[in-house]
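Novice: sequence? don't have it. structure:
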């Protein structure tokens, strides 16, 4: 079975190439931190289709004219601290999210700093909200 | 998919999902396990590749393989817990599937390494096949580490 090991070396090379490709493809996907978002503020209005209030961070799925956007929030502890809980919103509610959208304009994804649902405003990242 | 959603609904998983302390602790233990696993894997691979010759190979590998297996088990347990809170979501992530595939390849590579070296007399240097498997091991496990970290940014 592969006595001289040449085949394994070839396999390792292929694998290394694959890993490099993976590493280079990676900036296209992102949700940790803010490096993947644009600097300017972005506002999204739509209807909530899904709510996840848990670790590692909360998210909303928002229907904007038939397209589903992923709105990333803070970790559940910070999101709850901002006042946004299971009782704050339900599927079907209208939401306005202000924050920073992905630099990849093909990606329907943003990270929200402020949510407005049912007439109430929640600053999930209070130190990043736009100046009043 | 129903099975994955069922995992997310387990009582303990729901507690972990909303926890303030437990989730970061499990996360930290996962990182610690991977740190120990990679350190022991790299040291074993370096020894097989010809570094650290002053250390007796059999004893050194026997010790580190035990450490690596224990660390791998801890990584699996903590990893399953991290996976469980959003199982149906993670299961669709290409980078998560790539990580699982790399773990399978690394396990097959370990079997290959053991098979290649099974008749080697004590004290004789590993042959090219074994050294190739050691190099593949270092690359595969490092790939597992990178793929795992990228899950947090996917």
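Specialist: In hand now; what should we look at? Since the model is a prediction, treat every value here as computed from it, not as a measurement.
Novice: just for the chain, where's the confidence low?
Specialist: Using chain A here. Within chain A, the segments meeting pLDDT under 70 span A:1-31.
Novice: my question was about chain B
Specialist: Applying pLDDT under 70 to chain B flags no residue at all.
Novice: okay, helices next: where are they in it?
Specialist: Using DSSP state H, the helices of chain B run over B:2-8, B:11-18, B:22-49, B:57-84, B:87-90, B:94-117, B:128-151.
Novice: wait, which of these is closest to residue A:64?
Specialist: Minimum separation from residue A:64 across the helices of chain B (CB to CB) falls at helix B:87-90, 20.3 Å. Where C-beta positions appear, they are placed from N, C-alpha and C, glycine not excepted.
Novice: now do that closest one: which elements does it pack against?
Specialist: If contacts are counted by 3 or more CB pairs under 8 Å, 6 or more residues apart in numbering or on different chains; DSSP states H and E, helix B:87-90 sits against helix B:2-8.
Novice: show me the domain layout of chain A.
Specialist: A:1-30, A:42-128 (automatic domain parsing).
Novice: closest to the centroid, which residue in chain B?
Specialist: Central residue of chain B (CA atoms, centre = their mean): residue B:72, 5.2 Å from the mean position.
Novice: could you pull up the residues touching that one?
Specialist: B:33, B:37 (CB atoms under 8 Å, 6 or more residues apart in numbering or on different chains).
Novice: give me that answer again for 10 Å
Specialist: Going by CB atoms under 10 Å, 6 or more residues apart in numbering or on different chains, residue B:72 touches B:33-34, B:36-37, B:40-41, B:79, B:103, B:106-107, B:141.
Novice: adding mean neighbour count and distance to chain B, write the domains of chain A out as TSV.
Specialist: Formatted as TSV, those follow (neighbours: other CB atoms under 10 Å in any protein chain shown; distance: least, CB to the nearest CB, whole Å):
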stretch	mean neighbour count	distance to chain B
domain A:1-30	14	3
domain A:42-128	17	4
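Novice: and of those, who's closest to residue B:7?
Specialist: Residue B:7 sits nearest to domain A:42-128 of all the domains of chain A, at 13.2 Å, using CB to CB.
Novice: that closest one: end-to-end distance?
Specialist: Distance across domain A:42-128, first residue to last, is 13 Å (CA to CA, to the nearest Å).
Novice: same check on stretch A:82-92?
Specialist: The stretch stretch A:82-92 measures 21 Å between its terminal residues, going by CA to CA.
Novice: coming back round to it: columns distance to residue B:12 on top of the domains of chain A, output as TSV?
Specialist: Conversion of those to TSV gives the following (distance: least, CB to CB, whole Å):
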stretch	distance to residue B:12
domain A:1-30	29
domain A:42-128	13
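Novice: hang on, the earlier thing: and of the contacts of residue B:72, the nearest to residue A:119?
Specialist: The closest of the contacts of residue B:72 to residue A:119 turns out to be residue B:79 (CB to CB; 41.7 Å).
Novice: quick one: contacts for the closest one?
Specialist: Per CB under 10 Å, 6+ apart, neighbours of residue B:79: B:26, B:29-30, B:33-34, B:72, B:99-100, B:103, B:148, B:151.
Novice: give me the number of residues near residue B:126?
Specialist: Other residues near residue B:126 come to 19 when the count uses other CB atoms under 10 Å in any protein chain shown.
Novice: list the contacts for it?
Specialist: Going by CB under 10 Å, 6+ apart, residue B:126 touches B:47-50, B:57, B:113, B:116-117, B:120, B:132-134.
Novice: how close does it sit to residue B:111?
Specialist: 16 Å (CB to CB, to the nearest Å).
Novice: got it, and residue A:131?
Specialist: With CB to CB as the criterion, residue A:131 and residue B:111 are 60 Å apart.
Novice: which one's more surrounded, those two?
Specialist: residue B:111 (10 against 3).
Novice: wait, that one touches residue B:133, no?
Specialist: Yes - counting by CB atoms under 10 Å, residue B:133 is a contact partner of residue B:111 at 9.5 Å.
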